[in-house]
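Engineer: Here is my input, please return the structure:
(4 chains)
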Protein chains: 2
Amino acid sequence: MARTANLEARQRILDTAHRLFYTSGLNAVSMDAVASAAGMKKANLFHYYPSKESLELAVLDHAAASMNERIARVARTTFDPIGGIQRIFEEAAAVMRQSHCSGGCFFGNLALESADGNEPIRRKVAEHLQAWTTLLAAFLERWHRTGYFREEFQPHVAAQAILSLLEGALLFSKASKSPEPVDSAKHLAVAYLEAIRA
Amino acid sequence: MARTANLEARQRILDTAHRLFYTSGLNAVSMDAVASAAGMKKANLFHYYPSKESLELAVLDHAAASMNERIARVARTTFDPIGGIQRIFEEAAAVMRQSHCSGGCFFGNLALESADGNEPIRRKVAEHLQAWTTLLAAFLERWHRTGYFREEFQPHVAAQAILSLLEGALLFSKASKSPEPVDSAKHLAVAYLEAIRA
DNA sequence: GGATAGATTTACCATCCGGTTGGTCAACTG
DNA sequence: CAGTTGACCAACCGGATGGTAAATCTATCC
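Structural biologist: So this is what the prediction gives:
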């Protein structure tokens, strides 16, 4: 099998590492654990990724790509802004219920784990979080231009606050092992948007 | 110095560990680092706290106590509910600006660090988070009973969502190294409460 | 002054972790 | 067939970590 990079192994490593990093965090997962779970020896894992950080960054990009797909799908099949926001929170609540309130948001978890002490990871996390804020702001902005919201509505501020609300609710849900906070958050977000509708 | 527990040393350990745990997380701080920063040897630290976990739990209680004092002080000097919520977010924003958007909320950080894999810590974090939710809900409830809010206002739901919003905003602020998300969150919280005011 | 008990330190241990070394084996290429 | 290359692995290394053992030091009480 010379001359061709083993793409199947790389993909398997990425998927495995993503799963482990998601459920336990970056620092709590050793390269040996990733290797074992992916069915190979640690030294071979280092053959594919020259350092743990390079693997972490690759997993982040991999995860962001699949998250972007999910977002695009929701955006494509949503017709009114309030229903769209509502659906985002409902999907998040469903995921939390299904996972018995563990996991939460991969990027939110990494944000807190790496924000003060792992600058490369923090930058990448911030980059993706920023991108999603901009995406949501643009979505709201389009509706704002049609006159859907009152004039003083600020799409960027609303987008930033709604994503904060979602991340915070997932944090609360995870910590208290109850999906209730996500429901409360949905209620707040929807009530706000209803109130500022024209 | 026999026959009397050395309370001064215990307090110094608690303060030092709190500072280190706050800025770097639980797992990233070694017992040796705590001991050094507190001006003693590691083995002596184990003389005061028989395990790392016992120290962590003690620091959590210590931190919760000082946080409760801060909350009580804010509650005592606040007269209208919207102004009170506004002030909570403004104080959080000021803290973030002062710390160059590092640190955030000690309990929020620990929630994500320990929720999936450190049950004793998770329980204590959840316990304190729950207590603050109840405290805020009672605060809103008192005003609700005076007719300040419209009838459909749900103090517990609002309290849970507002704290989620605050935690999420601190997470965003920390990850993006900008205090802006906290301002956006304040805007959302205040706008919601204004909208549901009677 | 001697016994007592907490306080402090030095030295140590087992384990784990990221990463390296040195090498085997099979497949492809010229 | 000879040489090259990618995939894979056992063994190892240096450093850090949580935790322990045992000795010493020091203040107090009788």
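
Engineer: residue ranges with poor pLDDT in chain A?
Structural biologist: Judged by pLDDT under 70, chain A has its weakly predicted residues at A:1-5.

Engineer: let's see it at 50
Structural biologist: Applying pLDDT under 50 to chain A flags the ranges A:1-4.

Engineer: Show me the longest helix that occurs in it.
Structural biologist: Within chain A, and with DSSP state H defining each element, the longest helix by residue count is helix A:119-145.

Engineer: distance between it and the chain's centre?
Structural biologist: Counting by Cα atoms, centre = their mean, to the nearest Å, helix A:119-145 is centred 11 Å from the centre of its parent chain.

Engineer: Do stretch A:142-158 and chain B come into contact?
Structural biologist: Yes. On the criterion Cβ under 8 Å from any Cβ of the partner chain, stretch A:142-158 is in touch with chain B at A:154, A:156-158. Yep, even glycine has a C-beta here, placed from its N, CA and C like the rest.

Engineer: now the helices for chain A?
Structural biologist: Taking DSSP H as the criterion, chain A carries its helices at A:7-24, A:31-37, A:42-48, A:52-76, A:81-98, A:106-114, A:119-145, A:155-176, A:180-195.

Engineer: which helices and strands does the fifth one pack with?
Structural biologist: Just to be clear, that refers to helix A:81-98. Contact partners of helix A:81-98 among helices and strands, from 3 or more Cβ pairs under 8 Å, 6 or more residues apart in numbering or on different chains; DSSP states H and E: helix A:52-76, helix A:119-145, helix A:155-176, helix A:180-195.

Engineer: Any chance of those in TSV with distance to B:P181 as columns?
Structural biologist: As requested, the helices and strands packed on helix A:81-98 are arranged in TSV below (distance: least, Cβ to Cβ, whole Å):
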stretch	distance to B:P181
helix A:52-76	19
helix A:119-145	9
helix A:155-176	5
helix A:180-195	15
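
Engineer: Which positions in the longest helix of chain A come out as buried?
Structural biologist: Buried positions in helix A:119-145, judged by neighbour count with 16 or more other Cβ atoms under 10 Å in any protein chain shown: A:121-122, A:124-126, A:128-129, A:132-133, A:135-137, A:139-141, A:143-144.

Engineer: ok and it relative to helix B:155-176, angle-wise?
Structural biologist: Regarding helix A:119-145 and helix B:155-176, their directions subtend 120 degrees when assessed with axes from the mean of the first three to the mean of the last three Cα atoms, to 10 degrees.

Engineer: what helices or strands is helix A:119-145 leaning on?
Structural biologist: Counting by 3+ Cβ pairs under 8 Å, 6+ apart, the packing neighbours recorded for helix A:119-145 are helix A:52-76, helix A:81-98, helix A:106-114, helix A:155-176, helix B:155-176.

Engineer: Tell me the spacing between the residue in chain A positioned nearest to chain B and DNA strand D.
Structural biologist: Using Cβ to the nearest Cβ, the closest approach of chain A to chain B is made by A:G168 at 2.7 Å. Using Cβ to the nearest atom of the strand, to the nearest Å, one obtains 29 Å as the distance from A:G168 to DNA strand D.

Engineer: wait, what's in contact with that residue?
Structural biologist: A:G168 sits next to A:185, B:108, B:163-169, B:171 when contact means Cβ atoms under 8 Å, 6 or more residues apart in numbering or on different chains.

Engineer: swap the cut-off to 6 Å and go again
Structural biologist: Residues in contact with A:G168 (Cβ atoms under 6 Å, 6 or more residues apart in numbering or on different chains) are B:164-165, B:167-168.
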